Each structure stands twice: as C-alpha cells, then as structure tokens.
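K.L.:
What would the 3D arrangement of this be:
(one chain, ligands or ions: 1)
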Amino acid sequence: MLSTIELLEVTDFPNIRRDRTQTLQVNLGYRCNQTCVHCHVNAGPNRTEMMSDALIDLIPQVLKTRNIDTLDLTGGAPEMHPRFRELVRAARALGLLARHTSTPSCCGSHWPCWCLDACYSRSAA
Ligand code: SF4
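P.N.:
Numbering: from 1, shown residues only. Okay, here's the model as predicted:
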C-alpha cells in the first residue's frame, strides 16, 4: 500500500469531531437476487456469506446500550437474510426507525411489501 500522508494539503477546513452514533448500518450478507455489474460488494444469488446468528443476536443490544436512533440494513439484499424481519421488529420494538437499502425486485409481486410497512410505517411493528 502506498503512503498518501505526504500528499495531503494543509487547509483551513475545520476539524471534524465525532458525535454520538445515531445510525447503526449493518451489512447482513452478500446474497442478492441481482447480479449488477456495478455492484461494489459483488453480491449475487450464488454468494453464501451471511451474518452469523451470534452477531445478529448482538444488534438489539448494541442499539439499546448505545442509544442509537436508526437501524440501517444493507447487503446484498438484506431481506434475503432469514432473520431480516426479526431484526426490523426488534428495532421497531425499541422505538427506532428501521430502514434498509435494497432492490424492489427482491419483493416480487408483493410490492408494496412487508418491508415498506415494517420499515417506513410508524404504526407497523
Ligand atoms: S441489487 Fe444492489 S446489492 Fe444486489 S447486485 Fe445489484 S448493486 Fe449489488
């Protein structure tokens, strides 16, 4: 890896300070129903890497103890993880906003799907 520190320019841009974590973004795995050539994680139907149960179990604890406002699920297609709905329900039960980044094609003919109701409706749980 090439060193780049010497390439940095001195500027008057203000220092960046870290504040409280407001959003926890979690990549649930690389499985997806698409095979887009531009995919930056090379997701697809043949990818098998998915977040383990042990790590999934930690997510509600992290949300609670860190007082996080939003759970943001991504992948691949996060809906293809077998515990996707459970995670959304857990976040909603904590009063958090749950959102996800995915492709509507994952929902097939059920658009608007459970994900929309669960993630974006304040009344769904
Ligand atoms: S839909 Fe998104 S995650 Fe799936 S292959 Fe395309 S870019 Fe990757």
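
K.L.:
CA atoms for contacts and neighbours, from now on please.
P.N.:
Will do.

K.L.:
Look up which residues are beta-bridged to Asp72.
P.N.:
Gln25, Arg99 (DSSP bridges).

K.L.:
So it versus Pro45, what's the distance?
P.N.:
Look at Asp72 and Pro45: by CA to CA, to the nearest Å, they are 22 Å apart.

K.L.:
Repeat that for Ala77.
P.N.:
Applying CA to CA to Ala77 and Pro45 gives a distance of 10 Å.

K.L.:
Pick out whichever of the two has more residues nearby.
P.N.:
Set Ala77 next to Pro45 and count neighbours by other CA atoms under 10 Å: Ala77 wins out with 27 against 14.

K.L.:
Does the more buried one touch Arg31 like I think?
P.N.:
Yes: counting by CA atoms under 8 Å, Ala77 does reach Arg31; the two are 6.2 Å apart.

K.L.:
who's in contact with the most centrally placed residue in the chain?
P.N.:
With distances taken as CA atoms, centre = their mean, the residue of the chain nearest its centroid is Leu73 (2.0 Å). If you count contacts by CA atoms under 8 Å, 6 or more residues apart in numbering, Leu73 has them with Gln25, Val26, Asn27, Leu28, Ala98, Arg99, His100, Thr101.

K.L.:
check contacts around the spatially closest residue to it that is not a sequence neighbour.
P.N.:
Distance criterion CA to CA, 6 or more residues apart in numbering; nearest residue to Leu73, sequence neighbours excluded, is His100 at 4.4 Å. Residues near His100 by CA under 8 Å, 6+ apart: Asp72, Leu73, Thr74, Pro78, Cys119.
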